[in-house]
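Undergrad: The following comprises the amino acid sequence and a computationally predicted model.
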Amino acid sequence: MKKDGHTHTELCPHGSGDSTAEMIEKAIELGFSEYCITEHAPLPKRFASEFRGSIEGLETASLEWSQLDDYFKLCANLQKKYGDVINIKVGFEVDYLPGFEKEIKQFLDEYGAQTQENILSVHFMKGTDNGFWCVDYDTVEFADGFSNFLADPQNLYHRYLELIQQAVSANLGKYAPQRIGHMNLIKKYQDYFELPAKFDANNLELITGILNNIKRQKRELDFNTAGLYKPYCNEVYPGSQIIQMACEKKIPLVFGSDAHSIAEVGHGYHLTDFIETLDRK
C-alpha cells in the first residue's frame, strides 16, 4: 500500500494555499492508495499568554477554532469526491504543549470521533525566558528563543527530546494520536547553527526510552521527508540514528511528505526503500 500519512490543506495559514483537491489528484497520479489529511489543530486558547516568540509565528501555526467546521466540510467533500479512487483519512496534527494536557485531551475528546488518523508533534519549546518559542518558524526566532542553549547543543536536543518523552507519556484519552511527528524537528536549522549531526550517548539513552514507550503503546513514527528539502536541515525526520533504532525495535514508520503544496505531495517517497532495507536486516 502506497500511503502519504502526513499532509496539509489550503486552510493552513503557513501553507501555499494550493487546492487540497489538486493535491489529492497529484497523489492519485503518483499511485498512492491512501492519503491522510492532518491539518494543524487549533492551539489551546490560553497558550498565547505563555508564548514569547513572533506574533506571526503564533498566528500562522495552526487552524483557528472558527475554521474547524470548514475543515471538516472540506475533508468530507474530498472523501466523497475521491473516495472511490483513493482512501482519504482525516485527522489533525496535534501540538503537545506541557501544562496544556487537559485542553489537548478536551479537544481530542470532542473532535476525535470525527477523525481516522492523528499525529502528535512538538513545534514549541520553552526558551531561556521560560516562555514558549517556535522551534521551526525561522532562524531568528530560534536564536532569540534558545540562545542560552546553543552553546551546548546536546542539551538543546535533550530539552526537545524530553518534550517528546512527555508527549508519548501523556494521558490524552481515547483519541490520543497514534503517530509521533518529526521526532527530531529540533534539528531543522542544524546546518545554520552548526549543530551536531549525531545525538550523544545521553540523548541516545533518552531516545531508547521514548522508542520503548512507542513500541509498548503500539504507536507509529512519522517518516517525514520534509526536512530533506529544508535549506538548513537536509535530513529526513527523524534522522538515521532514530530510524535505525526504530527499525531494530520493529516500530512502524509511516511515510509523510508533510505536503503544504501540490509540488510537495509524495516528495521523497523513494526514500522508504531505506526503511525496507533496514527491516530486512
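TA: Looks like it came in fine.
Undergrad: only C-alpha atoms for contact and neighbour calcs from this point on.
TA: OK.
Undergrad: count of neighbours near Asn148?
TA: Asn148: 14 surrounding residues under other Cα atoms under 10 Å.
Undergrad: Over to Tyr192?
TA: Neighbours of Tyr192 under the rule other Cα under 10 Å: 12.
Undergrad: just Arg216 next, same as before
TA: Close neighbours of Arg216, defined as other Cα under 10 Å, add up to 10.
Undergrad: And stretch 261-269, end to end?
TA: Separation of the first and last residues of stretch 261-269 by Cα to Cα, to the nearest Å is 15 Å.
Undergrad: What residues of that stretch count as buried?
TA: Neighbour-count burial for stretch 261-269 flags 261-262, 264-269 (criterion: 16 or more other Cα atoms under 10 Å).
Undergrad: Mind picking the one among those that's closest to Phe199?
TA: Gly268 (23.8 Å; Cα to Cα).
Undergrad: got a list of what the nearest residue to the closest one once chain neighbours are set aside touches?
TA: Leaving aside its chain neighbours, Gly268 sits nearest to Thr225 (5.8 Å; criterion: Cα to Cα, 6 or more residues apart in numbering). Residues counted as contacts of Thr225 (Cα atoms under 8 Å, 6 or more residues apart in numbering) are 235-237, 255-258, 267-269.
Undergrad: quick one: pLDDT of Thr225?
TA: Looking at Thr225, its pLDDT reads 97.
Undergrad: Thr128 too?
TA: With respect to pLDDT, Thr128 has a value of 85.
Undergrad: And it, which helix or strand is it part of?
TA: Using DSSP states H and E, Thr128 falls within no helix or strand.
Undergrad: Now do Phe72: how many residues are near it, please.
TA: Using other Cα under 10 Å: Phe72 sits among 16 other residues.
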